[in-house]
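Visitor: task: produce atomic coordinates for the following.
(chains A and B)
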Number of protein chains: 2
Amino acid sequence: MSDIIESEIKLKLENKNIDDIFSSLKNDGIEFIGEERETDTYFNSKYRDFKKTDEALRVRQISNNNEIELTYKGPKIGKISKSREEITIKIKSENMDNLFKILERLGFNPVYKVIKIRKYFRDKKFIICLDRVENLGDFIEIEIDNGTEEELLNYVNSFLYKYNIKGSKISQSYLELLVNKNE
Amino acid sequence: MSDIIESEIKLKLENKNIDDIFSSLKNDGIEFIGEERETDTYFNSKYRDFKKTDEALRVRQISNNNEIELTYKGPKIGKISKSREEITIKIKSENMDNLFKILERLGFNPVYKVIKIRKYFRDKKFIICLDRVENLGDFIEIEIDNGTEEELLNYVNSFLYKYNIKGSKISQSYLELLVNKNE
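Guide: Okay, here's the model as predicted:
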């Protein structure tokens, strides 16, 4: 909801899929928060190319939720993780058609959809997301809400070691990965 | 809420103020809906001048209401009344700061505020608004939600005759009147 500098690290899984990791986390008693299907529609501007400015404008619909989210993401700030300004407002789902219309009238057109099943866990101040992304595969995203990039890196390294996970660090968003794949 | 072609006629009062008319409507048993203080913030775009394109982007805060409205208005369509496309979404008030931030990041800056006390009446399918606008004076706006401009004109003429109201028809918005006054 609020205007924060969010830090997250994303990994593309190489030796396991998220079903394996889901079972391991459950067995270890890590707190499972829930599962959602998220449909993200990304917009680009008629007036400046968000791909070039490294910005994003997104409408997120979440299954079983009567609210949608409108999020603006500013250009990346950090070099190692993906810190960036992120501003979100929540809007009742019944307004979705009109939100899309207003955005289009103002010069923003939907250009891409990213659809994923996301399973959330919480471990102290870290959020672990197990993501299965349509047309892309399985990923882990680990986020820290209020802390340093160093704390996040340390946590991620010990997490990968503990669960014997091999993965490559990805600095691109799912949107960018999908766009690159389709180009 | 929905995407409608709205028709309304606005009059600047010349021989009465809205307190007189308020009493007359109450005495005649016209249905009084309520009174609100509306604070409208209008945005302009960095990329196209809404004054030239005859568009508007507005955030409306209403007293005693936990929702704010974001409205896009397209260029005027009709010649006599002020028909135009109008698209609105409602957003919880707690999101207001973030809504303003997102709009600014996307290139929309607040340029004007219009503050008014509005008293609403309903008479069949017509909505009568008695408006006291800060720095502008007293106005009546009569709207028809679903009907022709001709029906609206006929109703307005008989309304003015019945209540002995002299006023000049205004095709400009309160925003335009305020901008002109300040130029």
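Visitor: so what strands line up beside the helix or strand of chain A with the lowest mean pLDDT?
Guide: Least confident helix or strand of chain A, by mean pLDDT, DSSP states H and E, is strand A:4-13 with a mean of 78. Strand A:4-13 sits in its sheet next to strand A:84-92 (antiparallel), strand A:137-144 (antiparallel), strand A:167-170 (antiparallel), going by DSSP bridges.
Visitor: any stretches of chain A with poor pLDDT?
Guide: Scanning chain A for pLDDT under 70 picks out the ranges A:1-6, A:78-82.
Visitor: distance of the residue of it most remote from its centre from chain B?
Guide: Farthest-out residue of chain A from its mean C-alpha position, per CA atoms, centre = their mean: A:Arg105, at 26.9 Å. Separation of A:Arg105 from chain B (CB to the nearest CB, to the nearest Å) stands at 5 Å. (C-beta placed from N, C-alpha, C; glycine too.)
Visitor: so who does A:Arg60 touch?
Guide: Neighbouring residues of A:Arg60 by CB atoms under 8 Å, 6 or more residues apart in numbering or on different chains: A:Glu38, A:Thr39, A:Asp40, A:Thr41, A:Ile68, A:Glu69, A:Thr71.
Visitor: apart from its neighbours in sequence, what residue is nearest it?
Guide: Nearest non-adjacent residue to A:Arg60, counting by CB to CB, 6 or more residues apart in numbering or on different chains: A:Glu69, 4.4 Å away.
Visitor: distance check, the one you found against A:Ser24.
Guide: Per CB to CB, to the nearest Å, A:Glu69 is found 30 Å from A:Ser24.
Visitor: what does A:Phe139 give?
Guide: Relative to A:Ser24, A:Phe139 is positioned 16 Å away (CB to CB).
Visitor: more crowded one of these two?
Guide: Between A:Phe139 and A:Ser24, A:Phe139 has the larger neighbour count (other CB atoms under 10 Å in any protein chain shown), namely 21 against 15.
Visitor: check the contact between that one and A:Leu11; I expect there is one.
Guide: Yes: using CB atoms under 8 Å, A:Phe139 makes contact with A:Leu11 at a distance of 6.4 Å.
Visitor: identify the contacts common to those two.
Guide: A:Ile170.
Visitor: alongside chain B, which residues does chain A contribute?
Guide: Residues of chain A lying close to chain B by CB under 8 Å from any CB of the partner chain are A:1-3, A:45-48, A:55, A:57, A:70, A:72, A:74, A:87-92, A:94-95, A:97-99, A:101-102, A:105-108.
Visitor: cutoff 6 Å now
Guide: Residues of chain A lying close to chain B by CB under 6 Å from any CB of the partner chain are A:Tyr47, A:Tyr72, A:Ile87, A:Ile89, A:Ile91, A:Asn95, A:Asn98, A:Leu99, A:Lys101, A:Ile102, A:Arg105.
Visitor: filter these down to just the ones in helices.
Guide: A:Asn98, A:Leu99, A:Lys101, A:Ile102, A:Arg105 (DSSP state H).
Visitor: filter the residues you listed to the buried ones?
Guide: Among these, those buried by neighbour count (16 or more other CB atoms under 10 Å in any protein chain shown) are A:Asn98, A:Leu99, A:Ile102.
Visitor: among those residues, which one sits closest to A:Asp123?
Guide: A:Leu99 (34.3 Å; CB to CB).
Visitor: is it true that the closest one touches B:Ile89?
Guide: Yes: between A:Leu99 and B:Ile89 there is a contact under CB atoms under 6 Å: 5.3 Å.
Visitor: now do the helices in chain A.
Guide: A:18-27, A:50-53, A:96-105, A:149-162, A:174-182.
Visitor: by contact count, what packs against the first one?
Guide: What that stands for is helix A:18-27. With contacts taken as 3 or more CB pairs under 6 Å, 6 or more residues apart in numbering or on different chains; DSSP states H and E, helix A:18-27 sits against strand A:126-133.
Visitor: paired strands for the strand it packs on, with orientation please.
Guide: As assigned by DSSP bridges, strand A:126-133 forms pairs with strand A:108-123 (antiparallel), strand A:137-144 (antiparallel).
Visitor: can you redo these as a markdown table with distance to B:Gln61?
Guide: A markdown table is the format used below for the strands paired with strand A:126-133 (distance: least, CB to CB, whole Å):
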| stretch | distance to B:Gln61 |
| --- | --- |
| strand A:108-123 | 24 |
| strand A:137-144 | 33 |
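Visitor: mean neighbour count, the ones you listed: which tops it?
Guide: strand A:137-144 (a mean of 20; mean count of other CB atoms under 10 Å in any protein chain shown).
Visitor: who touches it?
Guide: Strand A:137-144 is contacted from outside by A:7-13, A:17-18, A:125-129, A:131-132, A:152, A:156, using CB atoms under 6 Å, 6 or more residues apart in numbering or on different chains.
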